[in-house]
Structures are given as C-alpha cells and as structure tokens.
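[1] Generate coordinates for the sequence data below:
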Amino acid sequence: MSTRSTLVDGFAEHAATMVERGIGRRGLLRATAALGAGAGLLSACGPSTAPATTAEQASPSGAAPAILHPGTGTISGDHYLGSDPDDVLWGYVPTVHTAPVLQMASGESVTIDTVSHEGILEDQGRDPVTYFGEHGVEPDQVLEDAVAIAADYDRTPRDFALDGPHVVTGPVFVESAQPGDVLKIETLEATPRVPYGVVSSRHGKGALGITGDGSAPAGITTEQIMPPVSTDSRRHPDPTAWGNVSTFTSIEDGSGVMSFGSGAVRFPLRPFMGMMGVALSSASDPTDPSANSIPPTIGGGNVDIRLLGEGSTFYLPVQTEGALFYVGDPHHAMGDGEVALTAMEGSLRGTFRLTVCKEGSGEAPSVAHRYPFAETADSWIPIGLSDPDGSVNGQISDLDVAMRMAVLNALDFLEQDRGMDRATAYAYLSAAADFTISQVVDRTVGVHGVIAKSHFS
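    Numbering: from 1, shown residues only. As a prediction, this is how the structure comes out:
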C-alpha cells in the first residue's frame, strides 16, 4: 500500500490529501498499520501507481530527459514514492526505529523520484532556483521537490559541518522481511529527471587534500581544495565561504558535457543510485553519527559502485523487521574512485523490485546474508568496505582493508556457491578477476571485484 497513491476517484483523492496534510505521511502510515495490514484508509485509495501523462514522458535512453517533476511522466512501478520533505531524511539514513513512509509486499516494484543534494546544499546557498539559474536553468526546469526540501527549514534543520549531504528517500517497509533474510534489490529503471548535473570538490574531502605542510598537491591550488574542518576557514559562519568548487554539467545528445575555456569534454552517461540500503543503526537519536549518510555499511547505503545501474541486482542482509529500504545519492555518471568527492550528481527516477530471500532458501548468494553483494547480467560483484559498522568506535579509511575484505568475500562466494576449493578459487581470482576501487571519499572506502559469469558457463 502506498502513501503516495494515484487515485482514480476525485473525491477519494481529495479526502486522502486532507488527511495526509493533517497528520503527515508517516503518521498516515502508522494510523493505517494500526487498523491492520491490507485494511484501513489506504486500502480505499485505489491503485498505488501514478498515471502516465502524455506531455512529460521520460525521454528515450541516451537523450536529454524531460523535466520529471514529482509524479509526472511514466510511472512503471506497482507503487510510487516521491521525495517530498515528509518522505526524506537529509544527511542521515533510517535507523531501525524510523517510521516507514511506504509499505509493500515482497516481489512488488516501486518507482521513486530521488533528489540530488547538489544545488541545494548550504555551501551552494540552499536555494536551487538561484543556484541553477546562475547556470542558465530556468525556474520551471528546477525540480519542485528539490525546491521544497531546500526551503523547509522546520522539517530539515541542519548542521552543515556535521550532517551528511545526501537526500535519503524512505524507508520502505517490505512485508515478510526479518533479520537473517536478504533483501534483493533489482534496479529496473534509472532515468535522469533533469538534463543537468553537478560535480563538486569541497573542503578537502576528495582524494587530494592539503598536505602536512599546508600546501596543495601539484596542479591544485589552496583556493580549490580547502583545509580540513578544524581550520579557521571551516569555522566561518557562512558555508558559501568554505571554498566549494562545483562544476555544472549539462546533458547533450545523451552525453555529459563539461565546458572549459574554449573547449568541452564529453563523456557517456551511466545513471545509477550511489545509495541503496536497509536500516542498520539501532540508535534512538536519528542524527546519531552511526546513521550519518556518508559512510557505507553492512546495510549498504553509500556504496557508490558504478555497476549498480539498470539491470543490476544488489543484495543486502536484513537487520530489522521490514528491512526499511532507502535510496539516495542519484548519479548520472561516475568514474571508479569518485576522486573529486562527488560523481556527476543529478536527480533520478528509479524503479526497484524488492524481494525478500529467506534464510536457508538459497535464493541469494550465501555471502549476502552477512555482507553486501551484487551482480549484473555479466558479472558477480563481491564487495569490501574498510569500516562496515558505520564508523562506530573510530574510522578506518584503509584501502588495503577494503581490498582484503573484497577478496575474502569473493573466495567465500566461489567456495560456497560455485563449489570451488579455496586454493583454486584464490588462483582463479589472481588470474582472471578484476578488483576495482569503488570510491575513496566516503570515510569508509570501498573495493569491489568483478567475476565474469561467462567463465563458469
């Protein structure tokens, strides 16, 4: 049942809207749950998918997209979830105590309109109409939900120095999911909602930073990469003075385009969600550091693996009843490593099929019952994180640790799921598998392997 349903009957739509405005969507879902699963107010709201319109359809793959304001265009999922202020967390991921904004059955699909944080952050003025207007974007080309989130200071008070940047949509309660199960997340669609994005390097957080003697790396000036948080520049009360460098990037003829001087560079789009996760933190405070949106964890989150676009499958170990699935950090394109800090960040419409794989069923890779794992049509993708507990009790940002974990998870998969003896599996990985840096910028760094399925035909 969806808290963002499209209603056939006009009166029912009006009535549901009035109730929703009165108690909020999370409150509406709580009230409905109290009446019993499958009953209550929401059951009278008709189909849970939003209607397609003829004026604003998503553009064909590779073309510059139409502006997909909330709920417009083609909605292909069984359910629809927008990113209104009541449906998102800003800078934090759901904990096991977070109230869901949508409930759905295992095996159903949901279309989610996600919002990029770029253009709405405090160091960019927290005013997307003005920010994007400075780059030639007309006001009606700025997403309505991005404007609403940025303007809602009551709903989203923030400490820019401490909070994560990401707009996180959810959580979604998936019926029958229990701890010990695996949530199988199939990405069916990842469509740009706008024909532009932003790449940002801010405040010494990319792969390059200020060195010990206070100088910048070769080719980078101190004006481009600011000192760490403890220095005076980050204590300035106005985040726009902190030295963020953002590169506006347009979508033209299916490519990302960055201009420089009298030239331009073009590169292919590869839309995917940088963040897909299930609730992990048990903290009662929703802004506890263990729920910060930046570091990826055992529950997934900000893994930033560029292979997780359309056609991919991501497996996550369920930590709480209902799994509490969430998404965010939408990307139009990203290089492995994400070295400047961000990808080409841009809002996406994603459609996901969420399926619960019960413990002992063999429906998910065995590794996935304890650690994130992924696959595409061509490859299995074992994952390693340097500090997968959410940076509890300190932060480890060591690529060697992430690499070892990725190799161990690959060995476990080949031994337990493909029947290889461990010595042969180790030799095979050395001879034929690739291990790649996922990202080096999320506090907890990541490495993922790519094992070709064709080798096992």
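[2] SS state for T424?
    The local conformation at T424, judged by DSSP: H, G, I helix; E, B strand; the rest coil, is helix.
[3] what secondary structure does L429 sit in?
    helix.
[4] Tell me how many other residues crowd it.
    By other Cβ atoms under 10 Å, 20 other residues sit near L429. Glycine gets a C-beta too; all of them are placed from N, C-alpha and C.
[5] which residues does the residue lying closest to it once chain neighbours are set aside contact?
    Excluding the flanking residues, the one nearest L429 by Cβ to Cβ, 6 or more residues apart in numbering is A410, at 5.7 Å. Applying Cβ atoms under 8 Å, 6 or more residues apart in numbering, we find A410 in contact with 382, 425, 429, 433, 449, 451.
[6] V93 versus the third one, what's the distance?
    Same thing as L429. 31 Å (Cβ to Cβ, to the nearest Å).
[7] same question, the fifth one
    Going from G449 to V93 by Cβ to Cβ gives 25 Å.
[8] so where's the stretch 51-200 of the chain uncertain?
    Applying pLDDT under 70 to the stretch 51-200 of the chain flags the ranges 51-65, 156.
[9] tell me which of the contacts of A410 is nearest to F267?
    Using Cβ to Cβ, G449 is the member of the contacts of A410 that lies nearest F267, at 24.5 Å.
[10] how deep is the closest one tucked in, by neighbour count?
    Neighbours around G449, by other Cβ under 10 Å: 21.
[11] same deal with R353?
    With other Cβ under 10 Å as criterion, R353 counts 17.
[12] quick one: contacts for it?
    107-109, 184-186, 188.
[13] Please identify the helix or strand for the residue nearest to L429.
    helix 399-418 (DSSP states H and E).
[14] ok now that helix, how far from the chain's centre?
    Centroid displacement of helix 399-418 relative to its chain, using Cα atoms, centre = their mean, to the nearest Å, is 24 Å.
[15] Quick one: mean pLDDT for that helix?
    For helix 399-418, the mean pLDDT works out to 97.
[16] buried residues in it?
    Buried residues in helix 399-418, counted by 16 or more other Cβ atoms under 10 Å: 401-403, 405-407, 409-415, 417.
[17] cool, and stretch 364-378?
    Neighbour-count burial for stretch 364-378 flags 364-365, 367-369, 371-376 (criterion: 16+ other Cβ under 10 Å).
[18] so what's the most centrally placed residue in the chain scoring on pLDDT?
    For the chain, the residue sitting closest to the mean C-alpha position, by Cα atoms, centre = their mean, is M275 at 2.3 Å. What the model reports as pLDDT for M275 is 97.
[19] next one: L7
    At L7, pLDDT is 31.
[20] same thing with T17?
    What the model reports as pLDDT for T17 is 40.
[21] wait, isn't H69 in contact with V142?
    No: applying Cβ atoms under 8 Å as the test, H69 and V142 come out as separate, 9.6 Å apart.
[22] Which residue of the two possesses the greater neighbour count?
    V142 (23 against 19).
[23] so D140 sits in a helix?
    Yes: D140: assigned to a helix according to three-state DSSP.
[24] what's it in contact with, if anything?
    D140 sits next to I67 when contact means Cβ under 8 Å, 6+ apart.
[25] Would you mind confirming that E122 is in contact with A161?
    No: using Cβ under 8 Å as the test, E122 is too far from A161 to be in contact (9.4 Å).
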